[in-house]
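[1] no FASTA, just this:
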């Protein structure tokens, strides 16, 4: 559903999932952690770079009909589109 929510706004995913460990030696100015603060699987960033925790409810945990679940993905997608660009200014 996440890929479908992205495709709806013209974003096509072409990558593959990677562990945060792949990037431990890469210098970033800013690292934005997106997972919900209550998520015990949320990555911890110990490398260099300013860290901002921008929590979003995991839409994969949504219940209800397929339409209701898809709405949860759209909500998180739209929140990210509204909030994250401001972190990059």
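    Looks like it arrived, so ask away. This structure is a prediction, so every number in the text was calculated from the model and none was measured.
[2] For the rest of this, base every contact and every neighbour count on C-alpha atoms.
    Fine.
[3] could you list every residue that touches the nearest residue to residue 55 once chain neighbours are set aside?
    Once flanking residues are discounted, residue 55 sits nearest to residue 36: 4.4 Å by Cα to Cα, 6 or more residues apart in numbering. Residues in contact with residue 36 (Cα atoms under 8 Å, 6 or more residues apart in numbering) are 42, 54, 55, 56, 57, 58.
[4] For residue 88, see how far away the nearest residue to the last one once chain neighbours are set aside is.
    Once its chain neighbours are removed from consideration, residue 58 has its nearest residue in residue 36; the separation is 6.7 Å (Cα to Cα, 6+ apart). When Cα to Cα, to the nearest Å is applied, the distance between residue 36 and residue 88 equals 20 Å.
[5] which stretch of helix or strand covers the residue nearest to residue 55?
    Residue 36 belongs to no helix or strand when assigned by DSSP states H and E.
[6] Check it and give its pLDDT.
    Note for residue 36: predicted pLDDT of 76.
[7] ok, so of the contacts of residue 36, who is nearest residue 1?
    Residue 1 has its nearest neighbour among those in residue 58, at 12.0 Å by Cα to Cα.
[8] How many residues are close by the closest one?
    Applying other Cα atoms under 10 Å, we find 14 residues neighbouring residue 58.
[9] Packing partners of the longest helix seen in the chain?
    Assignment by DSSP state H gives helix 66-87 as the longest helix of the chain. Helices and strands touching helix 66-87, by 3 or more Cα pairs under 8 Å, 6 or more residues apart in numbering; DSSP states H and E, are helix 2-7.
[10] quick one: secondary structure of residue 51?
    Under DSSP: H, G, I helix; E, B strand; the rest coil, residue 51 falls in the strand class.
[11] Nearest the geometric middle of the chain, what residue?
    Taking Cα atoms, centre = their mean as the criterion, residue 34 is the residue nearest the geometric centre of the chain, at 4.5 Å.
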